[in-house]
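Student: Structure for the following, please:
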Amino acid sequence: MVGTPAIQVGHISLPAASHESVPLQMIAEPEGLLVVYFGYTSCPDICPTTLGDLRSAMSQLGDDSERIEVAFLTVDPERDTDFITTKYVQTFFPDAYALRTDDPEELATAARAFGAAYEVAKTSDGSVEVGHSAFLYAVNSDGTILVQWPFGMSSELIRNDLIYLLDQEGAS
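Tutor: Now for the predicted structure:
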């Protein structure tokens, strides 16, 4: 999916739990891409499937995969500590950014900028239920979301889009 008009997220930065809480600005390196995902570590199916599909797509890119950075932003910071979030996302991508903030407004602002949605609620029995949108966002070096992939997009289609996007970023 491509947004019209293009969505700008380069003004957003969040603490990177995986990188000593140094803020990560939502922009890619020149000629590269930053792929961002909003989720939570105890997600039983959508998050691990989506990250697995992205990992599979990137594994087919050869050296071009080095031009892609991955950032995972937890929408459940109360349960997802810095350590847990980092360990989770780096299981899929060893150099990935684990993003986490204890500031609910900072998290909500980031989600709104991307068009992401989430809700964390306690049930009557005290358990926690988390709902969230399930999109991967490819961001360029201008901080523009170039494409969004919904949950269930095949790794082959993601790979094809990544090849095209990387070619476009390298040509600019």
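Student: ok, and what's touching stretch 156-172?
Tutor: The contact list for stretch 156-172 (Cβ atoms under 8 Å, 6 or more residues apart in numbering) reads 28, 31-33, 53-54, 56-58, 60-61, 64, 67-68, 136, 138, 140-141, 146-147, 149. The C-beta positions use only the backbone N, C-alpha and C, and glycine is treated the same way.
Student: What's the end-to-end length of stretch 28-48?
Tutor: Stretch 28-48 has an end-to-end distance of 23 Å (criterion: Cα to Cα, to the nearest Å).
Student: in the chain, which ranges drop under the pLDDT threshold?
Tutor: Scanning the chain for pLDDT under 70 picks out 1-4, 171-172.
Student: just the strands in it please.
Tutor: For the chain, the strands defined by DSSP state E cover 7-8, 13-16, 22-25, 33-39, 68-74, 97-99, 118-122, 128-132, 135-139, 144-150.
Student: wait, which of those strands is closest to residue 105?
Tutor: Comparing the strands of the chain against residue 105 with Cβ to Cβ, the closest turns out to be strand 13-16 (12.1 Å).
Student: Now do that closest one: which elements does it pack against?
Tutor: Packing contacts for strand 13-16, counted by 3 or more Cβ pairs under 8 Å, 6 or more residues apart in numbering; DSSP states H and E, involve strand 22-25, strand 97-99.
Student: can I get the CA coordinates of it in CSV?
Tutor: Taking C-alpha atoms only, strand 13-16 is exported to CSV below (Å, rounded to 0.1, in the frame of the first residue of the first chain):
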residue,chain,number,x,y,z
SER,A,13,12.5,9.9,17.2
LEU,A,14,12.2,7.3,19.9
PRO,A,15,14.6,5.8,22.5
ALA,A,16,16.4,2.7,21.2
